[in-house]
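1. Can you look at this prediction? I've put the sequence above it.
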Amino acid sequence: MSLFKDPVLLAAALGMSLPFLSMAIILIFTRHNQRLSATISLSAVLTSFTCALYLFITLHAAGAPVQYTTTWLIADDMVVAYGYLFDPLSLLMLMIVATIASLVQIYSLGYMAGDPGFSRYYAFQSLFAWAMMNMVIAPNMLQLFIFWELVGLASYLLIGFYFEKQSASQAGKKAFVMTRFGDLGFFLGLIILFLGFGNLGILDIHHAAQTHALPGYLITLSAVLIFGGVIGKSAQFPLLTWLPDAMEGPTPVSALLHSATMVAAGVYMFSRIFPFFAASPDAMSMALTIGTITMLLASTMAMVTYDLKQVWAYSTVSQLGFMVMGLAAGGYYAGVFHLTTHAGFKALLFLCSGIFIHEYHTNDMRVIGKKGGRTLTIPMVCMTVGALALSGIFPFSGFFSKEAILGVLGNYPNKIFLIAGLVGALMTAYYSFRLIFFILFPKGGIEKHDAHHEEGHGHGHEEHGGEHHGYIFWCMAVPVMLLAGLTLVLGFFEAPFEHFIMSGQAAEVHHAAAVHGAAAHDAAAAAAHEGGHGGGHLVLLILAVSCAVGGILFSWFEFGKKGAAQEGFLAKFPKISELFAQRWYMDAFLRKALDTAVYCGLTSTFTRNDRRIIDGGIDGICKFTIGSGRLFSFLQSGMLQYNLLIMIGAVGLVVIYFLV
Amino acid sequence: MNTLGTYLVIAAVLFSLGLLGVLQRRNLIGMLISVELMLNGANINFMAFNRFLAPEPAVGQIVTLFVMGLAAAEAAIGLSIILALFRTMRSINVERAQQLRG
Amino acid sequence: MNLSVGTETIAQMAFWIVVGIALGGAALAVFPRNILYNVLGLAMGLAGVAGIYLYLGSFFIAMMQLLIYVGAICIAIVFAIMLSRPLHLEVPKRKVPKVAMAVLASAIFMVAMIMMALKTKWVPAVERSTDWSIDTIGHLLLTRYDMVFEVISLVLLVAIIGAILTAGYSRRLTS
């Protein structure tokens, strides 16, 4: 079999199918044995990680994309293929997914210890890892869509993991249904693209888009519809309210799915067929607008909430909007770079929050601060590192990626988006450090509890509660520290990173430029290239940094200072803070729309149809049968005159018939 | 108007009138009267064919004679049945006799 | 007075008068609700039919008709009417649907018969004898058709016995 002759293909196939096997084995056989299930799942995902690493090392210097496909379905002249596509973008994303999935699964050993659904949890984690990895290296849009939906399934299962809680299962449903709406647009876009183009292979789409093989309206229409999938999956406006509710799931799930990988799938898809989108300026400007609105909206919502995970959830939505802005303004490299760094520090932030939640059994940041959150050194330090990266402070990775995107926005003709980006950076710094200061400097100091806790506090530092120094502690601490370290150093790899990403893109772009000399593509590539460095825009650099630092100072003033009110300036405008807290009444609006459209409209129509037409129809048939029987029952009345009548009449008619 | 067709039409009309009576009357004796009319209609048919088509006129007359005899016998039995029915039903309304209902 | 009407036309007129009597009597036998009208109508109708038999060439059969039908059967029916006493009590209302359906059925049948009578091409026999005498009838009854003769006698006998039995059964039981 050629499968075993080619080590690359073998590694790919192995890595892509092992998590699925692990899920099947856990669900069917080893549900009762928690340790065995965890071992199986962990070994599967670590093997996938190894395979991903191997693939990355082997293929990262390949000049052109490497593709393996096999035929899955054949219908007439349409061939549906399954396979793997390895180019810089997919290899990078594969590494991100494998790394964070492995780290989160290790972390879950500690976090989920003792939970009755432990095996089920690991089964679903394997499901997610399998689906996400296969989606990332999909060679055609159909495979991408199939695994996109499977990722959504994994998300539903994991959000509703604590299914006994009503709010959790509702949140799972909400997530699935809202993303489904987006996927509807996605699928329609794919159908239109398929009907117009005949082929859903990604490399073919790139080629066609760059050689202007497709009519403009087709590209615009399908791009706008496909962007619907991005709106759904990456929680853009207007389908963003499912992500904060998705925090009902366990914290590692939030770290993996709803910060780093699944929600990034939308942005990934956008960048995957970036040449296709770039060929339609209308779609790009629509995406830019939506990304901007999302970013600003979500930042405002994060400023008023007291729930630890909700802040990071809103922050994720906002940063996804920021990524979409970057991509939609033409900054391919900038968007992808921010995707990578965001995966790292957002997972870090969630995992640290998970440690706090696991310790104090509450999500409220004020309570955590009061109970002595800052005495947990490792999570506190790492969370601060993450918050600094999020705010875009040198030397953390977030600084470099944010500068990249702001540079792209600066090159964009309409400067309003740049202003929006700067305002967003300000708000991001504000709300991140609001949270940090709530925990670091709780109002009124740390509460003194009973002697047991005081003894634990007395030790402080790493010796926090000697009894916690088991494997649970290290399972949770090690991934956190690894991610923090990554956040520290990733920024300095910007140049080779850019070269790596653009090599895949550049090959196609330069080819197109050489052939056509198309200005639009050149400008986009040039802008991306330039914006990636952020060079030549010293003013912009200073502006961005000052926005970030200003945000931190503002929140220090309001929350961190000794004797600060810890109220926030928004408390002075109760109406506005209520607006933000209610998510700009989006949930209420959707609920009302659902009530009128679906419940009053659709369900009442269908109920009436069922009762009157279907039931009534069947009743009518019964009545008709009985009635027609009654009609002829006079023949059985014992009156022979009637019988005679029928007989004579019939004979007469027959005779007439034969004579006429 | 001395054609076969005339007599046949007359016979048909007579027969139909008798048929109408049988189907519509509620009085048992009325039904019997109508049956007699029907028999007479048939008889006229026989005689008409006898007059215009038959090779031997005597045969037709014999047949007619027999029909008349049978009609007499039938009337006698019918009347006695009506009498017997009257004794049980106390009525000669045919719509009362519905014991074969169902 | 100069009667320019010949015997032919008189015969024709008389024919139609006889037909009228027959059909009128029949109508009288069917439509009115009073049973005595019906019986009288029957008698009249049957007398008319006897007249038609005359026109059809058979004096013998006309006499037999008057003898058997009018003389015996109608009288028997009158007897039966007189024996069923409370006949004046029962004149229930006519049911229109029943009457309508009966009219329809008999009309259809009449139309069928008339169409059949008029449309068929009646072929007379090749050799037609003209012997209308009563002698021949009697002769044939006792030679060629004596089986039929005996059978009808038997039928009449059975009918008489049956009539007596049916009519007198219950009285026999009680006595």
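-> Structure's in. What do you need?

2. And for A:F277, the neighbour number?
-> A:F277 has 27 neighbouring residues, counting by other C-beta atoms under 10 Å in any protein chain shown. Heads up, the C-betas are built off the backbone N, CA and C, glycines and all.

3. Phi first, then psi, for it.
-> Main-chain torsions, A:F277, degrees, to the nearest 10: phi -70, psi -40.

4. same thing with A:G15?
-> Per-residue torsions, A:G15: phi -60, psi -40 (degrees, to the nearest 10).

5. could you measure it against chain B, distance?
-> Between A:G15 and chain B the computed distance is 82 Å (C-beta to the nearest C-beta, to the nearest Å).

6. give me the element the residue lying closest to that residue once chain neighbours are set aside is part of.
-> Excluding the flanking residues, the one nearest A:G15 by C-beta to C-beta, 6 or more residues apart in numbering or on different chains is A:C51, at 3.0 Å. Element membership of A:C51 [criterion: DSSP states H and E] is helix A:34-59.

7. and whichever helix or strand comes after that helix, what other elements does it pack with?
-> Following helix A:34-59 in sequence order, the next helix or strand is strand A:66-75 (DSSP H and E). Judged by 3 or more C-beta pairs under 8 Å, 6 or more residues apart in numbering or on different chains; DSSP states H and E, strand A:66-75 is in contact with helix A:7-28, strand A:78-86.

8. which intervals of the chain have sub-threshold pLDDT?
-> Just so you know, I chose chain A. A:1-3, A:448-469, A:504-536, A:563-566 (pLDDT under 70).

9. hmm, I had chain C in mind actually
-> C:1-4, C:84-92, C:169-175.

10. 50 - rerun?
-> Low-confidence segments of chain C (pLDDT under 50): C:1, C:175.

11. mind giving me the domain ranges of it?
-> Chain C breaks down into these domains under automatic domain parsing: C:1-88, C:134-175.

12. how about the helices and strands packed on strand A:66-75 in a markdown table, adding mean neighbour count?
-> Listed next are the helices and strands packed on strand A:66-75 as a markdown table, based on neighbours: other C-beta atoms under 10 Å in any protein chain shown:
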| stretch | mean neighbour count |
| --- | --- |
| helix A:7-28 | 19 |
| strand A:78-86 | 19 |
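
13. Let me have these in a markdown table, adding distance to A:A581 as columns.
-> A markdown table is the format used below for the helices and strands packed on strand A:66-75 (distance: least, C-beta to C-beta, whole Å):
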| stretch | distance to A:A581 |
| --- | --- |
| helix A:7-28 | 39 |
| strand A:78-86 | 44 |
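
14. Out of those, which gets nearest to A:C382?
-> Closest to A:C382 of the helices and strands packed on strand A:66-75 is helix A:7-28 (C-beta to C-beta; 27.3 Å).

15. and that closest one with helix A:34-59, angle?
-> In terms of direction (axes from the mean of the first three to the mean of the last three C-alpha atoms, to 10 degrees), helix A:7-28 departs from helix A:34-59 by 160 degrees.

16. circling back: in JSON lines, list the domains of chain C along with distance to chain A.
-> Conversion of the domains of chain C to JSON lines gives the following (distance: least, C-beta to the nearest C-beta, whole Å):
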{"stretch": "domain C:1-88", "distance to chain A": "14"}
{"stretch": "domain C:134-175", "distance to chain A": "19"}
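
17. hey, which of these is tucked in deepest?
-> Stretch with highest mean neighbour count among these: domain C:1-88 (a mean of 17; mean count of other C-beta atoms under 10 Å in any protein chain shown).

18. pull the longest helix from chain C.
-> helix C:146-174 (DSSP state H).

19. which residues in chain C form helices?
-> Under DSSP H, chain C gives helices at C:7-30, C:35-55, C:59-65, C:74-83, C:96-119, C:134-142, C:146-174.

20. typo on my end, it should be chain B
-> Counting by DSSP H, the helices of chain B are B:4-24, B:28-52, B:57-89.

21. Comparing these by mean pLDDT, which bottoms out?
-> Mean pLDDT per stretch puts helix B:57-89 lowest among the helices of chain B, at a mean of 89.

22. Measure how far stretch C:54-73 is from the centre of its chain, please.
-> Distance, stretch centre to chain centre, for stretch C:54-73: 9 Å (C-alpha atoms, centre = their mean, to the nearest Å).

23. How about stretch B:29-43?
-> 3 Å.

24. Other residues contacting that stretch?
-> Stretch B:29-43 is touched from outside by B:11-22, B:25, B:64, B:67-68, B:71, B:74-75, B:78-79, B:82, B:92, B:94, C:26, C:29-30, C:35, C:38-39, C:42, C:45-46, C:49, C:69, C:73, C:77, C:80-81, C:84, with contacts defined as C-beta atoms under 8 Å, 6 or more residues apart in numbering or on different chains.

25. Dump the C-alpha coordinates for that stretch into CSV.
-> The C-alpha coordinates for stretch B:29-43 follow below in CSV (Å, rounded to 0.1, in the frame of the first residue of the first chain):
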residue,chain,number,x,y,z
ILE,B,29,-104.1,-5.1,-2.5
GLY,B,30,-103.2,-2.1,-4.6
MET,B,31,-99.9,-3.9,-5.4
LEU,B,32,-101.8,-6.9,-6.5
ILE,B,33,-104.0,-4.9,-8.8
SER,B,34,-100.9,-3.4,-10.4
VAL,B,35,-99.4,-6.8,-10.9
GLU,B,36,-102.6,-7.8,-12.8
LEU,B,37,-102.0,-4.8,-15.0
MET,B,38,-98.5,-5.9,-15.7
LEU,B,39,-99.7,-9.4,-16.7
ASN,B,40,-102.2,-7.9,-19.0
GLY,B,41,-99.6,-5.8,-20.7
ALA,B,42,-97.6,-8.9,-21.3
ASN,B,43,-100.6,-10.6,-22.7
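
26. in stretch A:194-213, what counts as buried?
-> A:197, A:199-210 (16 or more other C-beta atoms under 10 Å in any protein chain shown).

27. Please state the offset of that stretch from the chain centre?
-> With C-alpha atoms, centre = their mean, you get 26 Å for stretch A:194-213.

28. now do stretch A:589-605
-> Distance, centroid of stretch A:589-605 to centroid of chain: 27 Å (C-alpha atoms, centre = their mean).

29. Same question for stretch A:101-119.
-> Worked out by C-alpha atoms, centre = their mean, stretch A:101-119 lies 21 Å from the chain centre.

30. Give me the distance between the two termini of that stretch.
-> 16 Å (C-alpha to C-alpha, to the nearest Å).

31. That one: which residues count as buried?
-> Here stretch A:101-119 shows A:101-113, A:117-119 as buried, counting by 16+ other C-beta under 10 Å.

32. from those residues, which is closest to chain C?
-> Closest approach between the buried residues of stretch A:101-119 and chain C, by C-beta to the nearest C-beta: A:G117, at 76.6 Å.

33. Skip the chain neighbours and tell me the closest residue to the closest one.
-> A:F161 (6.5 Å).

34. what do you get for A:A279?
-> A:A279 sits nearest to A:A209 (C-beta to C-beta, 6+ apart), 4.3 Å away.

35. Go ahead and list the helix or strand containing the one you found.
-> helix A:202-210.
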